[in-house]
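Engineer: Got a sequence here, can you build the structure:
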Amino acid sequence: MADAQDLTKNVRSAHDPAALCVQLDAALGNEDARQLLEALGSEPLGLRVTGNLTAQDVADSANGTLLAHAILAWTRFEAVNRLIEERPKRQIVDLPCGYTTRGASACKRGRTYFGLDAPSVVGAMGPAAQRVIAGKGNKPRIGLLGSRPMGHAYYRACETTKYSSLRIALKEVVGRLVLATDGLLARLTQRELEELFASVRKLLLAHGGSWILAERDFALCGHDVALAVLGGDAELAALCEAQAAQAEEALDVKSGGNVWFDPNEQRVQEFVERMGFGMQKIPLRDLLPQNFGALGLTPEVEAAVREAFEELFVWELWVAKSGGPYVYHSKRFYACGKVEDSVLRLELRGHLDSYTSPELLTVFQRTKPQTLRGIEVDLRDLDYISSAGIRVLLVMYRSVEGEEHFVIKNPNASVRVVLEATGLTDLYHA
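Structural biologist: Alright, predicted model coming up:
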């Protein structure tokens, strides 16, 4: 077991994912992260990630369990970074920003960045980020609260759920936004959660763009990742959970008990829809950092960690128009559903098989209006369909009355063969 000093480090770090990301980045050789730790006056926690972890490393709770927490935090942080990079023309809003290198890195790439958080955080991060940007001879381009804007990175104190405060903090915004939220929602009551969603919706109505949320699936399924990192050691994985509980007590962090973390995902999706958002779930396996192997895990442990991430998603929300759209997107499969004049129109791409067919069913259920006159399914870009996919099409077919109200369009030759073999010939039109 860890001694008291090591356990205190673990407890506090386990519930400060932003700071833990910087620690792991620094251990992996990220110079910006190392400089940020130095500028913030933070000491490295001694994570050992060079070379393969030994059995002793994994058994050492002062390093092994902390590494599990670090991988959970760092992976979702890097996943959000990849999504931000894929939206290059948008201005970045971190809500909250915490202690990360995202602002400095964005500024160096010529992006406009807004880090919003409590006064104590932005008061430390503004000067620290300026030092990181200037550390390699770059001209400082930081705009601080109350000073003349000088560039592409701004750190602003604000009340994160209040639209009036957010609007003032983002007064320099020009163009579309990509907002990122991690580590905030668990602390909100249901009323505060609704206030935050309403405020973000107003921002997106004014500027356009989308909102990336990463913490729900990690909160519900992080145990499996921790167990994989720790080589399947259930005792150490239980220690991880105990440390998280100790962190909440030590830091006086209380869960808000809101719907976002309800295990029943349908309730969450209903809340998202009620608050006026469309959404897509992006599989984390498609967003794993390119330098994931640099963590020094053994091949067996790395394979187990990747498998554990199979069931985790990052959520992206945008202001919904009437009738959707609702989107599911991964490397294997894409489904988009939207309603026009009480007709549900679905566009499918990729592989519709036993793994992806439940996602199509979810898109159908979440998009289907109360009054449904018909369904059109466009298969132009669908490469493969299995019997599981056919079963979902039949579920949709039975939800409307008569073949004339269910139409399959543009199947390719191989998909057409499957449709014909299952007796659905009369349902498609070229």
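
Engineer: you'd agree residue 373 is up against residue 341?
Structural biologist: Yes - between residue 373 and residue 341 there is a contact at 7.4 Å, judged by C-beta atoms under 8 Å. Heads up, the C-betas are built off the backbone N, CA and C, glycines and all.

Engineer: More neighbours: these two, which one.
Structural biologist: Using other C-beta atoms under 10 Å as the criterion, residue 373 and residue 341 rank with residue 373 on top: 13 against 8.

Engineer: could you pull out the helices for the stretch 101-250 of the chain?
Structural biologist: Remark: helices assigned in the stretch 101-250 of the chain by DSSP state H, counting those that start in this stretch are 102-108, 119-134, 163-169, 190-207, 215-229, 234-250.

Engineer: what's the spacing between the first one and its chain's center?
Structural biologist: Put simply, helix 102-108 sits 19 Å off its chain's centre (C-alpha atoms, centre = their mean, to the nearest Å).

Engineer: for it, packing partners?
Structural biologist: In this structure, helix 102-108 packs against helix 31-40, helix 64-85, strand 91-94, strand 113-117, helix 119-134, strand 153-157, with contacts taken as 3 or more C-beta pairs under 8 Å, 6 or more residues apart in numbering; DSSP states H and E.

Engineer: could you give the mean pLDDT of the last one?
Structural biologist: Mean per-residue pLDDT for strand 153-157: 93.

Engineer: Adjacent strands (with direction) for it?
Structural biologist: strand 113-117 (parallel), strand 142-144 (parallel) (DSSP bridges).

Engineer: shaky segments in the stretch 201-350 of the chain?
Structural biologist: Counting by pLDDT under 70, the stretch 201-350 of the chain shows low-confidence ranges at 240, 243-256, 290-294, 296, 321-325.

Engineer: Swap in 80 and give it another go.
Structural biologist: 218-257, 288-298, 301, 310-311, 320-331, 341 (pLDDT under 80).

Engineer: which SS class is residue 372?
Structural biologist: coil (DSSP: H, G, I helix; E, B strand; the rest coil).

Engineer: pretty sure it is touching residue 344, no?
Structural biologist: Yes - judged on C-beta under 8 Å, residue 372 makes contact with residue 344 at a distance of 6.2 Å.

Engineer: Between those two, which is the more surrounded one?
Structural biologist: residue 344 (25 against 17).

Engineer: Could you give the secondary structure assignment for that one?
Structural biologist: Judged by three-state DSSP, the three-state class of residue 344 is strand.

Engineer: Could you measure from it over to residue 297?
Structural biologist: Noted for residue 344: a distance of 44 Å to residue 297, by C-beta to C-beta, to the nearest Å.

Engineer: Domain map for the protein?
Structural biologist: The record's domain parsing of the chain by automatic domain parsing lists 4-317, 332-429.

Engineer: Output the helices of the stretch 101-250 of the chain in CSV, with distance to residue 289 appended to each entry.
Structural biologist: Listed next are the helices of the stretch 101-250 of the chain as CSV, based on distance: least, C-beta to C-beta, whole Å:
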stretch, distance to residue 289
helix 102-108, 14
helix 119-134, 20
helix 163-169, 29
helix 190-207, 26
helix 215-229, 14
helix 234-250, 21
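
Engineer: a helix runs through residue 88, doesn't it?
Structural biologist: No - under three-state DSSP, residue 88 sits outside any helix and is assigned coil.

Engineer: quick one: contacts for it?
Structural biologist: When contacts are counted by C-beta atoms under 8 Å, 6 or more residues apart in numbering, residue 88 touches residue 111.

Engineer: Any chance of the backbone angles for it?
Structural biologist: For residue 88, the backbone dihedrals (degrees, to the nearest 10) come out as phi -70, psi -20.

Engineer: State the pLDDT value of it.
Structural biologist: 89.

Engineer: Could you shift the numbering so residue one becomes 2, and keep it that way?
Structural biologist: Got it, first residue is 2 now, which makes that one residue 89.

Engineer: tell me how far the ends of stretch 268-285 are from each other?
Structural biologist: One end of stretch 268-285 to the other measures 22 Å (C-alpha to C-alpha, to the nearest Å).

Engineer: Likewise for stretch 335-355?
Structural biologist: 14 Å.

Engineer: Least reliable of the strands paired with strand 154-158 by average pLDDT, please.
Structural biologist: Minimum mean pLDDT among those: strand 143-145, a mean of 45.

Engineer: Next, count neighbours for residue 260.
Structural biologist: Neighbours around residue 260, by other C-beta under 10 Å: 16.

Engineer: now swap in residue 341 and tell me
Structural biologist: 11.

Engineer: in the sheet, who's paired with it?
Structural biologist: Counting by DSSP bridges, residue 341 is bridged to residue 344.

Engineer: how near is it to residue 273?
Structural biologist: Between residue 341 and residue 273 the computed distance is 21 Å (C-beta to C-beta).

Engineer: export the helices of the stretch 102-251 of the chain to JSON lines and tack on mean neighbour count and distance to residue 331?
Structural biologist: Supplementary listing: the helices of the stretch 102-251 of the chain in JSON lines, determined by neighbours: other C-beta atoms under 10 Å; distance: least, C-beta to C-beta, whole Å:
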{"stretch": "helix 103-109", "mean neighbour count": "24", "distance to residue 331": "25"}
{"stretch": "helix 120-135", "mean neighbour count": "20", "distance to residue 331": "34"}
{"stretch": "helix 164-170", "mean neighbour count": "17", "distance to residue 331": "31"}
{"stretch": "helix 191-208", "mean neighbour count": "18", "distance to residue 331": "24"}
{"stretch": "helix 216-230", "mean neighbour count": "21", "distance to residue 331": "14"}
{"stretch": "helix 235-251", "mean neighbour count": "17", "distance to residue 331": "27"}
